[in-house]
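[1] Please find the sequence and the predicted model below.
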Amino acid sequence: MNTATLARDDAPVRFYELDEHPHPEGHSTMLGFWIYLMSDCLIFAILFACYAVLGGNFAAGPGPRDLFDLDLIALNTAMLLFSSITYGFAMLSMQRNRLRQTQIWLGVTGLFGLAFLSIELYEFQHLIHVGATPQRSAFLSAFFTLVGTHGLHVTFGLVWLVTLIVQLGRHGLIAANRRRVACLSMFWHFLDVVWIGVFTLVYLMGMLR
Amino acid sequence: MSHDHHAVEIPHASMRDYAIGFVLSVILTAIPFWLVMEKPFAAGVTAAIIMAFAVVQIVVHMIYFLHMTPRAEGGWSMTALVFTIIVVLIMLAGSLWVMHHLNTNMMPMPHDVRQIP
């Protein structure tokens, strides 16, 4: 009897917090958005795998050497790289609380993004014009799906960018807008990372095939 | 609200980070393009080099543009990234391996089956 009580008294005292703490709005947005990007990464990985498997099936149609213009792709890559650094300047302006400067850099980023999209659409239009449509071969189906999905992401990024510039104009650099600019920054740089895979695996490796 | 300032943990960026990232990216992009355009090496060697450059450039973007550190978001960003990389590697390697074997083990298919002796 006595020993039992003693053992219970020796047991370590535990405290449990039963009340929920107030979480500031958006405290987990950045992590949540990062996990979204990782899931997006899986989509691109599947499309890359698809292209890697089907990229050599030309069905007696045109191959990468006949179709791709590396000078154009180099220009395209430069546009996306410039847009990455100008987005960085927008982030730095936001850190210094300069609203107008942030908007201008976001606008410059949007112009580079638009240039990238225009060049890509010009390339697609050229391919379709010479008969290299997605229906032509498994290689072209995989190519248009992979590069098109990336282009679609850039398009939605541009819509988001324009929306954000307007929102910044209306509400200024409030906490919610800072969070949104930071999220789009991750999205934009992530698309640049995917593009590294595209120009290396699709265009450069394609020319070596 | 006093919380407002700490509400979002936006990683602190610096001009130095972006400048280093940009210069490295330009170099790591220009060299592969030059190698493929001018062809100073055999195709196999060039392929290995440009793949290595792509991997390095992705890491550069992760560090200098996406501000990834092992401590970001209490380590959860890195955990999600490592998990994604593992899944992606399994899927890419698995797809290529299986489909390569499927291709090599397929009988060549004549257009007219009746021609088979």
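    Received it, and whenever you're ready, just let me know what you need. Quick caveat, the model's predicted, so the values are computed rather than measured.

[2] Report the buried residues of the longest helix that chain B contains.
    Selection of the longest helix in chain B by residue count, based on DSSP state H, yields helix B:76-105. Buried residues in helix B:76-105, defined by neighbour count with 16 or more other Cβ atoms under 10 Å in any protein chain shown: B:77, B:78, B:80, B:81, B:84, B:88, B:92, B:95. All C-beta spots, glycine's among them, are computed from the backbone N, C-alpha and C.

[3] Ok, stretch B:39-59 next?
    Within stretch B:39-59, the residues that count as buried by 16+ other Cβ under 10 Å are B:46, B:47, B:50, B:53, B:54, B:57, B:58.

[4] Do me a favour and get the end-to-end distance for stretch A:191-204?
    End-to-end distance for stretch A:191-204, by Cα to Cα, to the nearest Å: 18 Å.

[5] Where does pLDDT dip in chain B?
    Along chain B, segments meeting pLDDT under 70 span B:1-9, B:107-117.

[6] Break it down into its domains, please.
    Here the domain assignment for chain B is B:1-68, B:75-117, based on automatic domain parsing.

[7] In CSV, list those along with distance to chain A.
    Formatted as CSV, the domains of chain B follow (distance: least, Cβ to the nearest Cβ, whole Å):
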stretch, distance to chain A
domain B:1-68, 4
domain B:75-117, 4
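
[8] thinking again about what came up before, report all helices and strands that the longest helix of chain B contacts.
    Packing contacts for helix B:76-105, counted by 3 or more Cβ pairs under 8 Å, 6 or more residues apart in numbering or on different chains; DSSP states H and E, involve helix A:29-54.

[9] for the helix it packs on, the distance to its chain's centre please.
    9 Å (Cα atoms, centre = their mean, to the nearest Å).

[10] at contact distance from chain B, anything in it?
    Yes. Using Cβ under 8 Å from any Cβ of the partner chain, helix A:29-54 comes into contact with chain B via A:29-31, A:34-35, A:38, A:41-42, A:45-46, A:48-50, A:52-53.
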